Each structure stands twice: as structure tokens, then as C-alpha cells.
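Enquirer: The sequence and its predicted three-dimensional model are supplied below.
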Amino acid sequence: MSAKAEHYDVIRKPIITEKATMASENGAVVFEVAIDANKPQIKEAVETLFGVKVKAVNTTITKGKAKRFRGQLGKRKDVKKAYVMLEDGNTIDVNTGL
């Protein structure tokens with residue numbers, strides 16, 4: 001498997017929410033990442049795929065809620081988010097797609 005494909009396995013998709021938009025005003029971009037990805041992997045993937053310099057990476061794991069599916073009790077999957085702080089002068093436009 002190529003190195004670029006591995007980076008796409010680390011970064012799943014950008015997250016576009018009200019909170020993520022507020023973070024982008026401070027130079028941060030929010031991505032959903034693989035649950036087993038660590039901060040150096042996320043930094044390398046973002047720098048390679050988007051050609052930007054990353055200052056810092058903060059991660060958070062949101063636990064999946066217990067929900068009912070067709071009357072059966074089920075659980076949504078856990079989601080890991082990465083808040084990627086970019087160096088000054090670097091931007092990523094998440095609205096255009098990868």
C-alpha cells in the first residue's frame with residue numbers, strides 16, 4: 001500500500017460544525033481520524049496530504065451514545081477528533097474536498 005493511502009486511512013474526513021468553524025478562526029482545522037492514530041501520525045498525514053506546516057495536534061475521543069436501532073439497544077461507534085493547529089500563513093480549505 002502506498003504512503004498516501006496510509007495517510008488517507010489516518011484522516012477520515014473533515015468535521016464541519018459550528019464549534020469546528022469557530023476553531024478555524026483561530027487557525028485550527030478539525031478532522032475525524034482513525035481511533036488508533038497517534039499525534040505524530042496525524043501531523044505527518046496532514047503535512048503530506050495538504051502541504052502545510054502543523055504547529056500542534058490535540059485529540060479527543062467522543063464515546064458513542066447508546067441508541068435504539070429497530071427496538072434493539074445498540075451503541076454508536078466511538079469517534080476520535082484531531083484539532084490541528086497550523087503555523088501562521090498556512091490554511092486548509094475543507095469546503096473544496098480532498
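Expert: Arrived safely. Numbering: from 1, shown residues only.

Enquirer: tell me the contacts of the closest residue in space to T17 that isn't next to it in sequence?
Expert: In this structure, T17 finds its nearest non-sequential neighbour in V30, 7.7 Å apart by CB to CB, 6 or more residues apart in numbering. Placement of C-beta: from N, CA and C, glycine included. Contacts for V30 (CB atoms under 8 Å, 6 or more residues apart in numbering) come out as P14, I15, T17, K19, A20, A23, S24, K81, A82, Y83, V84.

Enquirer: likewise A45?
Expert: E6, H7, Y8, V10, I11, A37.

Enquirer: export these to JSON lines and tack on secondary structure, neighbour count and pLDDT?
Expert: Shown next, in JSON lines, are the contacts of A45 (DSSP: H, G, I helix; E, B strand; the rest coil; neighbours: other CB atoms under 10 Å; pLDDT from 0 to 100):
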{"residue": "E6", "secondary structure": "helix", "neighbour count": "13", "pLDDT": "84"}
{"residue": "H7", "secondary structure": "helix", "neighbour count": "18", "pLDDT": "84"}
{"residue": "Y8", "secondary structure": "helix", "neighbour count": "12", "pLDDT": "85"}
{"residue": "V10", "secondary structure": "helix", "neighbour count": "21", "pLDDT": "91"}
{"residue": "I11", "secondary structure": "strand", "neighbour count": "22", "pLDDT": "92"}
{"residue": "A37", "secondary structure": "coil", "neighbour count": "19", "pLDDT": "93"}
